[in-house]
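Enquirer: okay, sequence plus prediction incoming.
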Amino acid sequence: MQHNRSADHAAAPVRLMVDDRLADDNASGVALPVATSVTPRLSWIVPLARRGQQQVAYEIVATKTSDRRGVVWSSGLVESGENRGIVWGGDAIAAHSQLSWAVRVTDERGIVSPWSQSAAIVVGPLTPADWNASWITFASTDAAFIDFEVDASADGRTVARATVHFAGAGKLRPYVDGSPVNPEANDPTDSSLKRSISRSYDVTHLLAAGGGMHRFAVAAVLGHYRLVLDQPRVIAELRIEYSDASVQSVGTSPGWRVSHTSLVADDPFYLEEHDARIADAWASPGGQPVGDAGRHADAVAVWSAESGAETETETDVTVSMPASRPDTGAPAASTPVSDRSAQSAVIVPDAGPPVRVVRRLSATQIGTPAEDVRVYELDENVSARVCLELHGMTPGVRLEVVHGEKLNANGRVDTTNIRLPSDRNRERQVFAYTAAGGDETASPWFASFGFRFVEVRNIAPHVTATLTAGVLHSAAEKSGTLSSDSPELNRMVEMAVRTQYNNTPGFPSDCPTREQGGWTGDASISAEAGLAHLDLVGVYRNWLADVALDAQTDGGILGVSPNLLGPEGIQPADPVWGSAMTEIPWQLWWATGDLSIIYELLPTIRRWADWQVDALDDGIVTKSDISYGADWLAFEQTPPVLLQTGAVLTSLRQLADLEEATGAPDQAVRRRQQAETVVAGARHHLRDDVERVWGNDSQGSNAVALVTGLADAADHDFLGDRLRLAVEASGDRLSSGFPGTKAVVEALARADGGTALLAALRQRQQPGLGSMLVDGPGTFWETWWIDNENVGVASLDHIGLGAPYAAWAWRYVAGLRPTEPGFRRFTIDPRLVGLVNAMSFERLTPRGAILAKWAYEAGVYSIAVTVPVGAVAEVVMPGAVAVTPGTVRVDGVDTRSGERTHVFGPGIHTLEAAVVLPERHEPVAQPPRRTDAGETWLSDGVTSTWLPEAPNAVVRIDEHDIICTPVYHQPLPAPTLDVQLADFRPEVDEWLVLDASGRTFDLSDATFAFASFDVDGPGLVGRRVRPLLRLTSADGSVRIASARPLPIAWNRVALEIADWPGRNAVVEVAVGIRWSDVHDTGRGPWLPLPEGDGPHEFGFRVGRVGWTSAPRTF
């Protein structure tokens, strides 16, 4: 290859990245972009300068200094068009190193670009041996500290660089000489108990004073670890590098002194309380501790996966000198271990961006509902920390600052929607502050809350207060923006971005108010939209490692990770929620083309696939532990077996794609064969072959069949029409829950681009997504409506229902989708032109930014698109092209091409053509193909009498529909039975018999009989419960069926009787229930029963009992 070194019109590469973070993301007070390995991945973008531009080669050089002196590694000229994930090719970079690197590229003309600006590679501690510190523990809300001396005077020696590294179980706030290192952050990110996450900060400026005595301190709280640990755990090191190359390390050890702090209470989600009368002198040199002055931190035993042994390390202050200086460091003595269990030795840098305050909002006072109460409002719903500037406070006055998403009718902040039933009247999201007096600033150290409204209580009228909010979440860069001529679409996308930000506190979470938990289902549902809007690659890489570590030994993926809920709160594996382990890596691969995360996770993904295959029986899922709400918070229940079977099919096919991409074609074939077994089984068991519908014919049922590939292609148009008609019949509303909505949105989009979805956005009455655009606080809700009375599941800041709409906006309305991983090739093919007639968007990809602006007016479609270097665009016209002179212009040149698809290489391109939009297909309802026979004995308006066989049962008929709370699930039409058992013994069947007044039932036409049970009431937590259905024939034969009920749903017991000779003369119908003292994870944790071996009370509901001649499809 010939190379021209003149660099004629060649721009230097930009946006240099180390691993998943911008290399220059090192602003003061912001966590350093530390490499996650000793061989980091390097990436850059080649700026677009002209059409046809390509990168054909690159050269990387890494040096000891930013002026490229002291070469550490040079790649030499590498002939490649790759610009992402180039693995470091030199010797492993030593811990605590800081190098500089730059890159230049050669284009297709042989012209070499200038070198990029130099960027840093910062490597901190990566292995336990890299830490000159040991694990310690002390009481939550306390602080530990040590004094040390900086010798910056001898021989003109100065502090060249000082860095604080820390990790822990809990939240930490390090200090150097009284100044907090991370005051606007939330460190470290929660993680699996099998590892810890570290952060690093440059604190050179805090030691600018030079020599003398200094103090290093760390305040800590347990935070979300409160259910699994007794006290926070801390490891921290202050590393000081001097101008003469000597190094001093000040690390945590059991010799550190401990003090109380002004932080007096930490109860996550409920309360963080400070007492400003307590001086935090412990943080500053010479300051005395509060409380027992003789207290010291305790050591923590460390468990190493490599050795399988517990060890104790101890460090205090050590100094590494050049050969001319002696070592003057001496470690402190060890003290006994205290805490529940050993600490994992694994500490890894956070792969994601810092979790910190990214902007500040000023609050407006909107009311004074009482003399000592003030209510403030922000312009949006945020995850944030408040800051109160107070003037004129009386010493000892305790303020309560309550945060909420809505107001009640009296104008007060209302937290009912984020409470749990166990809270009763306990307030959530409270910051309490006791004043020292005078002028002061009050703000939490650790807590962040989800809110739009703030109520300050017990504030005297004479006090002047200014309230601001520091919006706090992962500082992920925006990767995509979108704007159209549809206000509803724009508002929806804006809300998707805000909701995603609020729910990314270092990992994908469910809500910033009630849990801040890493629910895998929420993350899976939102991944496509999340990656379109934000650069979440590092966030997902970090979190998926926790999901993998928390996986069960049999391969099952837990419902929440990091798993910090303790054994009583563990959320067992479910194919729908656990889909995150395949869906998110698959989405990352398509978004970035980077296989490094796939290689890291592939063993876990394979084990997860095997777990799912083991959950199958004849191709459908029958052995999964749980299904959250049978489509979480859906108006219309979709059978869990269908949701879960569809999830397994998708998972197997995604894994096959990943196997193929990583060079394992045989494994890909095996997974696709397993997928075909699922398809065959599902079509046999879950599809009505005559009516061509799936499951219970819900929106979710037919949508899952469509988008997963369970449905045959011949049925796609029919099912798409049926789904559109169902949404229209529901008042332009979706009836699905979290996972069902993802399927319904995709199915409607595939049908015709999503006309039904656009109608749903414009439908503004609750329930529905359209109502969220006008009634809410600017973020998506957990439910389709605001329930002012419900507790526990009514968050107004939840990503699950809205994210699929945002993904639709990008893929189908804007029309952008990758056709090769990493957007190396992409398509722009908008599907709703004629309804949405103008669109502009920008999407940052590994190749660079894709920009497009298209419009349709007066029969002419025009588009301008920027294709980045290394990419190819396929632009598809929205209709047939009219080929007449002057009607088609490509890059400003008339053409007579009638092609709908135009292919463009790198550059800025324009296309304009007169087009004829296709007529939109209007669905037509299809009449039933079969008339089913059947009878209902209970529910749907049918009342009947049921007699208990045993005297310990009390049966009451509810004549009104029962709305189940706190977790809504589709009610059965009244009447239903409310059954209370006063003495429910294990392994004893308790039966209720239908009072048929001597009638004999002829069920000759029946395929099966059924009865529905809701067993979600209190009692028998964690125990196996089995609802029963029994039919007795006049010939004496009996048929009994049972089912394993799933929580938060009506569960149907189906008794197949098509081959039962006795069905023509049924003389008794009975429903019943049995329990066993055996653990069933679907009913919660294994807890001791209150009465021991004595009698147990239990309640359940029965509804919709009857028979049908229709085929059984769930």
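Expert: Received, thanks.
Enquirer: drop to CA atoms for contacts and neighbour counts, all remaining ones
Expert: Will do.
Enquirer: now for the helix or strand where Glu842 lies, which elements pack on it?
Expert: Using DSSP states H and E, the element containing Glu842 is strand 838-845. Secondary-structure packing of strand 838-845 (3 or more CA pairs under 8 Å, 6 or more residues apart in numbering; DSSP states H and E): strand 480-484, strand 848-857.
Enquirer: all strands for the stretch 551-700 of the chain, in order.
Expert: In the stretch 551-700 of the chain, the segments counted as strands under DSSP state E, counting those that start in this stretch are 616-617, 620-621.
Enquirer: just the C-alpha atoms of stretch 966-977, please, in CSV.
Expert: Output of stretch 966-977 as CSV, limited to C-alpha atoms (Å, rounded to 0.1, in the frame of the first residue of the first chain):
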residue,chain,number,x,y,z
PRO,A,966,-51.6,-3.8,45.4
VAL,A,967,-50.6,-5.6,42.2
TYR,A,968,-53.4,-5.2,39.7
HIS,A,969,-54.3,-8.2,37.6
GLN,A,970,-57.2,-8.7,35.4
PRO,A,971,-60.3,-9.4,37.5
LEU,A,972,-62.9,-12.1,36.6
PRO,A,973,-66.4,-10.8,36.1
ALA,A,974,-68.5,-11.4,39.2
PRO,A,975,-69.7,-13.3,41.0
THR,A,976,-66.7,-15.1,42.5
LEU,A,977,-66.2,-17.0,45.7
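Enquirer: circling back: of the strands of the stretch 551-700 of the chain, which stretch is the most buried?
Expert: A comparison of the strands of the stretch 551-700 of the chain by mean neighbour count, using mean count of other CA atoms under 10 Å, puts strand 620-621 on top with a mean of 26.
Enquirer: using CSV, write out every CA atom in the helix or strand where Ala743 lies.
Expert: Using DSSP H and E, Ala743 falls within helix 738-752. Output of helix 738-752 as CSV, limited to C-alpha atoms (Å, rounded to 0.1, in the frame of the first residue of the first chain):
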residue,chain,number,x,y,z
PHE,A,738,-44.7,-5.0,30.6
PRO,A,739,-43.5,-7.9,28.4
GLY,A,740,-46.7,-8.1,26.5
THR,A,741,-46.5,-4.4,25.5
LYS,A,742,-43.1,-5.0,24.0
ALA,A,743,-44.6,-7.7,21.8
VAL,A,744,-47.8,-5.8,21.0
VAL,A,745,-46.0,-2.6,20.0
GLU,A,746,-43.6,-4.6,17.7
ALA,A,747,-46.5,-6.6,16.2
LEU,A,748,-48.5,-3.5,15.4
ALA,A,749,-45.5,-1.8,14.0
ARG,A,750,-44.8,-4.7,11.7
ALA,A,751,-48.4,-4.8,10.6
ASP,A,752,-48.5,-1.4,9.0
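Enquirer: which residue ranges of the stretch 251-400 of the chain form strands?
Expert: Going by DSSP E, counting those that start in this stretch, the stretch 251-400 of the chain shows strands at 257-259, 263-267, 271-275, 298-299, 302-303, 310-311, 317-320, 343-344, 347-349, 355-362, 364-370, 373-393, 398-404.
Enquirer: could I get those as JSON lines with mean neighbour count and distance to Ala1043?
Expert: Formatted as JSON lines, those follow (neighbours: other CA atoms under 10 Å; distance: least, CA to CA, whole Å):
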{"stretch": "strand 257-259", "mean neighbour count": "26", "distance to Ala1043": "56"}
{"stretch": "strand 263-267", "mean neighbour count": "20", "distance to Ala1043": "40"}
{"stretch": "strand 271-275", "mean neighbour count": "23", "distance to Ala1043": "43"}
{"stretch": "strand 298-299", "mean neighbour count": "25", "distance to Ala1043": "51"}
{"stretch": "strand 302-303", "mean neighbour count": "20", "distance to Ala1043": "43"}
{"stretch": "strand 310-311", "mean neighbour count": "14", "distance to Ala1043": "46"}
{"stretch": "strand 317-320", "mean neighbour count": "20", "distance to Ala1043": "63"}
{"stretch": "strand 343-344", "mean neighbour count": "20", "distance to Ala1043": "41"}
{"stretch": "strand 347-349", "mean neighbour count": "22", "distance to Ala1043": "45"}
{"stretch": "strand 355-362", "mean neighbour count": "18", "distance to Ala1043": "45"}
{"stretch": "strand 364-370", "mean neighbour count": "14", "distance to Ala1043": "53"}
{"stretch": "strand 373-393", "mean neighbour count": "21", "distance to Ala1043": "42"}
{"stretch": "strand 398-404", "mean neighbour count": "24", "distance to Ala1043": "41"}
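Enquirer: quick one, which of those strands is nearest to Asn1064?
Expert: strand 398-404 (60.5 Å; CA to CA).
Enquirer: using PDB, list the CA coordinates for that closest one.
Expert: Extracted C-alpha coordinates of strand 398-404, given in PDB (Å, rounded to 0.1, in the frame of the first residue of the first chain):
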ATOM      1  CA  ARG A 398     -35.800  19.600  62.700                       C
ATOM      2  CA  LEU A 399     -37.000  20.000  59.100                       C
ATOM      3  CA  GLU A 400     -38.600  17.200  57.200                       C
ATOM      4  CA  VAL A 401     -38.200  17.400  53.400                       C
ATOM      5  CA  VAL A 402     -40.600  15.000  51.700                       C
ATOM      6  CA  HIS A 403     -40.200  14.100  48.000                       C
ATOM      7  CA  GLY A 404     -43.000  12.900  45.800                       C
END
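Enquirer: give the next helix or strand downstream of that strand.
Expert: strand 406-407.
Enquirer: packing partners of the helix or strand following that following strand?
Expert: Using DSSP H and E, the helix or strand that follows strand 406-407 in sequence is strand 413-414. Under the contact definition 3+ CA pairs under 8 Å, 6+ apart, strand 413-414 sits against strand 398-404, strand 406-407, strand 449-457.
Enquirer: what's the spacing between strand 413-414 and its chain's center?
Expert: Computed by CA atoms, centre = their mean, to the nearest Å, the chain-centroid distance of strand 413-414 equals 26 Å.
Enquirer: same question for stretch 989-1004.
Expert: 49 Å.
Enquirer: tell me the angle the strand holding Glu842 makes with strand 848-857.
Expert: If you take axes from the mean of the first three to the mean of the last three CA atoms, to 10 degrees, strand 838-845 sits at 170 degrees to strand 848-857.
Enquirer: strand 838-845 pairs with which strands?
Expert: Partner strands and pairing direction for strand 838-845 (DSSP bridges) are strand 480-484 (antiparallel), strand 848-857 (antiparallel).
Enquirer: okay, now the domains of the protein?
Expert: For the chain, automatic domain parsing gives the domain ranges 14-123, 128-260+280-349, 355-474, 483-541+571-812, 822-916, 934-1108.
Enquirer: mind giving me CSV with those and columns for distance to Pro928 and mean pLDDT?
Expert: CSV is the format used below for the domains of the chain (distance: least, CA to CA, whole Å; pLDDT from 0 to 100):
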stretch, distance to Pro928, mean pLDDT
domain 14-123, 55, 95
domain 128-260+280-349, 53, 85
domain 355-474, 43, 96
domain 483-541+571-812, 7, 96
domain 822-916, 31, 95
domain 934-1108, 16, 92
